[in-house]
Every structure is written in C-alpha cells, then in structure tokens.
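[1] only geometry, no sequence info:
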C-alpha cells in the first residue's frame, strides 16, 4: 500500500523539522557564548560529578597553600629572631673571653656587667617578639608573654573557674609544683552533686586527653599530680563545671611545649613553631637555660668571680649551639613547606587542566558546527517557504 | 423501458453526484481540522438491466458516507499519548529541579562547602583572630542559608505539582463529561451517517486529549458508547455518565468516595500527565529532599560533636555550633544564635589555654573523612554524586520525552495518511464527480430531445 501524503502531514513534518534544527542551533549557540560544553547538569551528568570533585580538590589545595603562606612568614620571622639571638650570644661570649683574662679587673667587670644586663634585656624582648598578635616563642600559649624578667620558683597559679560554671564557691591551690615542664591542669565535674557526691576527671594537658572518672567524690580537696592540691569551698557542682590551673617550672619561661601545626595536605600536618622552652631553656628539648646563664654571668662579673666568668664562656658556646640547632630546624621546615607548596601548585595545575578538558568547549570545533547548523536552518526555511507554491490548484483552470 | 424511467436515472445521477461533491466539499473545508477523518461517498449501482421489454434501469445512489478510519491506529495513538503525556510532564518538572542543583555555573553548594572548611583552617592558623572568627560565622551562615534555600525550593516545586494536579483534574473532568455527552448524542443519532461521523471524530479527539492526562483503558460497547476505565478497573465513563475526580487532602479521589486515595493506582503505570506529577511529588522530590537532609544532618552532627569537645576563647567548653532541627533538617539548618552574637564562643582550641587551634583544624579535616554512605564517601563526593544523579534523571527524562514524542508524531502521521485529507485527491474527485454530473445533465438533455421526437411523431 502506498502512503498517502496529506497536506496536514506535510505541514506537520516541515514544522517538526524546523523545530528540530532550531533546537540544535540553539544548543550550539549556547555552548559558543558560554565557552562551556556543560551548561546544565543534564548535559553531561558524569562530567559534572567529576568536575565537582576536581573543584573540591582545588579549593582544598588553595586552602593548604594559604596555610603554608601563613607559616612562611612565621618561619622567616622566627629564623630572623634566632639569628639575632645568636649575634647577642656571640657578643656575650666575646665579653666573657675578654673579662676572663688578666687584663680585666673588678672595674671593667662592673662595667661589663651593665652591658650584659643590656644584652639580657635585648634577648628577653627578642624572646617575647610577636608576629601579629601571637608570640613566636610561647609554644601553643601564643596569647601570653612567654618570658618574665625575674626568675621565679616553681609556681602554681590561682585556679580559674570556668565562666559557665554553676559552682559558686572559691577554689584555692596549695603545694609545690614538681613537674618537669609547664602544664595546664583541668578538672571537670562529671556528675552533679555536693562535695560528697560529685565525681570528676582530670586532664594534665590542658583538656585534650582525660583520665578516668574518679572513684570517690570530690570531697574538700583533690590532689592533682606533681604536687598540686586544689581545695574547694562548700558548694554544689553541676556536671561540666571546670576548673583549670597553670603550673610553671622554676625559671623565666611561662609558655608551654605546645606545637603549632598547619594542615598542608590531606592527612598531613606540619609543625612550624619553635617553643621558647627548646630555644631558650633547658626543658622541652633544650639543653641550657640561656637567661639563667646570662644572669649567672652577670653575677660573676659583679662579684668579680673569674671562675664564674670562665664557666660563662662555655655556657655561651652551648647556648649558641642550641640556638643554631633551632635555626637549622626552621630552615629545614621552611624547605619542607616550599616543597609541599610546589607539589600543590603542580597538582592544582593538573586539576585545572582536567576541569578544562571536561568542561570547556573547543571553540574551533563549535564554530564549524555552528556554520553547518546555520546552513541547515536556512535550507529548512527555504523549503518551508516553497510549500505553498506547489499546489494542484495552481494548475486547474 | 420508459423514457420517464430514463429521466429518473439521470435525476438520480445528478443527485448522487451533487451529494458526492458535497462530501468532497466538506473534506476540502476541513483539510486542516485536527482529528478530522475524511469522508467518502459510497456510490453503488442500483437496479438491473435485462434484455427484452419492461425491465428497469441501472441507476446510481449514494448508499452511505463512509468515515475513513483505522481503529487499530487509534488504539496505538491513545496508548502513545499516555506515554508521551507522562514523559513530557516528567521532563519539564525535573527540568525545574535541575535549576536548583545547577552546579554547572559554579557558586553553588559545592563552592560554599569548600569555603566553610577553609574558614575553619584559617581560624586554626590564628585562633585568637577576630577577623577569622567573623569570617567563619559569615560563611557558616551562608552554608546554612544555602541548604535552607535548596530545601525550600524543592518544597515549592512540590506545592506547584499539587496545583498542577488540581488543574489537570479539572481538565479531566471537563473531558470526561464532554465524552459522556457525545456518547449520548451518538446513541441518539443512531445510524445517520454524516452527523454521527462528525460526533465520532470529536469523541475520538477528546479521548486522545484525555489519554494524554491520565492512565486509562477503553472499550466501545454494543450501543456504540465509549466506556473508559481507570487502571484499577473503576469506570470513569459509563455511557452517558461521567464520574468526577476530586483533589482532597492532596490525594486524587473520586468525588463520590473522597476517602479512597487513588494516587498509587494512577501513578504506578507511568502513563499520563497525572501519573508524572504524582511521581515527581511523591517519589523524586522526597528522594532528593532526603539526600539533602542526610548531608545537612551529618555535617551538623559531626561539627557539633567536635565543637563540644573543644574550648572557646573564654576557656569554656564549647557548646553546639549548629542548631539541631528535629525535622526538615536542611530547611531549618542554622548557626546557633549565641555564636552569631559572640564569635568568641567558637571553640577552636583543643586545650583550655588560648592560642591553640587544633579543634578548628580537626573540624576542617572533616571534609576528607568518609562519613557518608556508611563510611564510603566524603561530604563532597556525596554531594557530587547527588548532583550527578539529578543530572542523569533529567537527561533520561528529556531523552525519553523526545523518544515518545517522535513515536507519537510518527503514529499521527500514519493516521493522517489513512484519514487525512489530501487536496490533490479531493481536487481530482471534484473533477471526477463534476464530469459525472455533466454527463448526467447531458443525458437529461438527450432524454428531452427523445421526448421531443416522440411528441413530434404524434403531431
């Protein structure tokens, strides 16, 4: 059976094809103006998912790079200060050498003592230098001035009650601190109650890790480790009430051993600070207390004690070694950051080109396709206009 | 054989050819009427010619006007209309949902989430910094607002679906009542061909429009009435009676039994516009809503979990960072007002003393942990595959709609080739019938001359 072509069918088919071509034309035009192959998520669902993944990676990389940039300024500042410290110690050593010889006498030594005092003050302000609002050599307690001017004995600060506590009594400390490093002890109430009933747990690293819950109730006083005792007034405790107390070893240092870390890559953290302890004291990795040595050097000068001055020469040397070690650490950390940053840049470049490969349109190819579609569209319009000119009615007279 | 008989023959011929031209004229007038089936006059010879005297003549008459119509094609078209109606509506509804998730232009949820994790890292680098704290709160509010907006937009589309369902139902009711009226008219007209043909065409068109909207089956009974059934066997048109549908409590019901919801039955065949709207409203959108809620809920709970273990700038233990909504989590996600009012309550530190930013660091590292999909996906990849899912659904619906549309167009073209009017053919027919008319007229003239001759003999 032959297919009858009716006028309706003819018109419908022409219109349909016009719509079809218009749609393709429109599609190519959209891609050309946006320069992207993917303008809607339905254009390429798998591509969109991949691109989102790449973009997430790129955002993370940007963050890591910014983290690294932060540490770069910190590291170079630290290195600078340590170099200054080294210079101060060189001068101190020169003074010690000159005052240990026979050419010096009590008077020169008294004058030198004053110079050493100046050196000490310079060293202290150096050790207390800041980058922005944060102290370079305070460990993780970068809001507090790390070095005092007077040597202190082992101290236990007054305990502080948390601002959200419901307990209203007074807490006092007693005892002598016997710890090796500066610590922050935290006591947290775990069960409500009066002194006879409330239970608690203790942390010795400032609240990061906690011991087990106490067996007995809090009672009148609690003995923390390292010789600290906390005494509580009568009162009622609520769960999550906390009290913290800072304890310091003898010396000048009020910071702690905390490490400051930045994330430089997924699951990869880098330590970037030098603690005041390891640079300037004999705790936390250091081997000599620089301020104590300078003080005893000054005392030796004031007392005209030649043996003391000779010892100071050795001490200054050890101190310089310590500083140089820390400086080297800074240097190697800076190198690591640099390498990490280079790796990240490379990775970012890869991600960006992957994104581009998936998302971006090939303009040359599109332009060609566009011309083709344009020709097709014009041909369709031409044909459509001819449709009415051929009809049998024109030929019937 | 009589001369008057001959006149009779020519008279019949003239009348028949005139009627044939009438029918052809009707076809030409209706060349672009949608749904019109061309009509054909059936010319039949009558009488008999025998040799010998007193035998009757052959004449012609139009026995009936036939409507050219393929029943089987009609069945196919009705079925295809249902499929086309479904996929077209599905495609346009999902197209709206696509704009909510459109990450192709960037600056979507993906970007905000990345900046959120980045802000925590910035804070970790300078835990005491007010600027970093302010920035963090600002980004967190942006994140919460983005979730709110996406969830609200999804909800809006759901509500719009309800409005569309209501409109569709009133359209369906109009169509069913018009088909019922047509059934009545057709039954009354009986076998009077011409008029009944027009009514049959109209009813056929109404049926096709109806099938675009709803999943149905139909049967033409012995009285010529079109009876229409819903998928569960319930009759919606029975002869002259049409049962009305109603939209009660967001369910599609028969007006006479308002408590019996037909949502399930109408939507499970995936046919008809109504089914598409119901499926989008009850399956697709809640599916996306749930995924969005899951993502928001996990982010909220994990961030809160870590935040509560840290210490804020006042050396207090951290409280919650995000509020925890009990339902519609993505829609109601918000940063806790205490934190917005005082950024120092952000617990960035892992220890009581200030200067530590480890908690903030840990929160930032959440972006790399496998917390979604039972521990197999990160937040980012979960969202990425959710967006991919939406994209795929939309692309599938689009290509399906195109496919069904193509098939429908093909079927309609086929129908056209059977029942459509071709001007060429009709013009030829006019010429044909006109010639017949002319010849019959000439016959009449000849008979007249014969009569004259007879009369002259008698003179």
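    Nice, I can see it. Source: prediction; values computed, not measured.
[2] Only C-alpha atoms from now on, for both contacts and neighbour counts.
    Noted.
[3] can you list the residues of the stretch 101-250 of chain B near chain A?
    B:101-105, B:110-111, B:114-115, B:118, B:121-122, B:124-125, B:128 (C-alpha under 8 Å from any C-alpha of the partner chain).
[4] One more pass at 6 Å, please.
    B:104, B:118 (C-alpha under 6 Å from any C-alpha of the partner chain).
[5] Not counting sequence-adjacent ones, nearest residue to the closest residue to chain B within the stretch 251-397 of chain A?
    Nearest residue of the stretch 251-397 of chain A to chain B, counting by C-alpha to the nearest C-alpha: residue A:392, 6.0 Å away. Sequence neighbours aside, residue B:424 is the residue nearest to residue A:392 in space, at 6.0 Å (criterion: C-alpha to C-alpha, 6 or more residues apart in numbering or on different chains).
[6] and if you look at residue A:288?
    residue A:282 (4.2 Å).
[7] helix, strand or coil for residue B:44?
    Assigned by DSSP: H, G, I helix; E, B strand; the rest coil, the conformation of residue B:44 is strand.
[8] residues touching it, list them.
    B:60, B:61 (C-alpha atoms under 6 Å, 6 or more residues apart in numbering or on different chains).
[9] got it, and the one 4 residues further on?
    Going by C-alpha under 6 Å, 6+ apart, residue B:48 touches B:57, B:58.
[10] Residue A:269 versus the spatially most central residue of chain A, what's the distance?
    With distances taken as C-alpha atoms, centre = their mean, residue A:262 lies nearest the centre of chain A, 3.4 Å away. From residue A:262 across to residue A:269, the span is 5 Å (C-alpha to C-alpha, to the nearest Å).
[11] Give the residues shared as contacts by those two.
    Counting by C-alpha under 6 Å, 6+ apart, nothing touches both residue A:262 and residue A:269.
[12] is the longest strand seen in chain A up against chain B anywhere?
    Longest strand in chain A, counting residues (DSSP state E): strand A:183-191. No - Strand A:183-191 lies out of reach of chain B by C-alpha under 6 Å from any C-alpha, never closer than 7.6 Å.
[13] buried stuff in that strand?
    Across strand A:183-191, burial judged by 16 or more other C-alpha atoms under 10 Å in any protein chain shown covers A:183, A:184, A:185, A:186, A:187, A:188, A:189, A:190, A:191.
[14] Was I right to think the second one contacts residue A:206?
    If I follow you right, that is residue A:184. Yes - with contact defined as C-alpha atoms under 6 Å, residue A:184 reaches residue A:206; the gap is 4.7 Å.
[15] if we can go back for a sec, okay, now the residue nearest to residue A:392: neighbour count?
    14 (other C-alpha atoms under 10 Å in any protein chain shown).
[16] Got the confidence number for it?
    According to the prediction, residue B:424 has pLDDT 89.
[17] repeat for residue A:2
    pLDDT, residue A:2: 63.
[18] cool, and residue A:212?
    Reported pLDDT for residue A:212: 87.
[19] now the one 3 residues further on
    pLDDT, residue A:215: 83.
[20] Quick check: closest non-adjacent residue to it.
    Here the residue nearest residue A:215, using C-alpha to C-alpha, 6+ apart, is residue A:199, at 7.4 Å.
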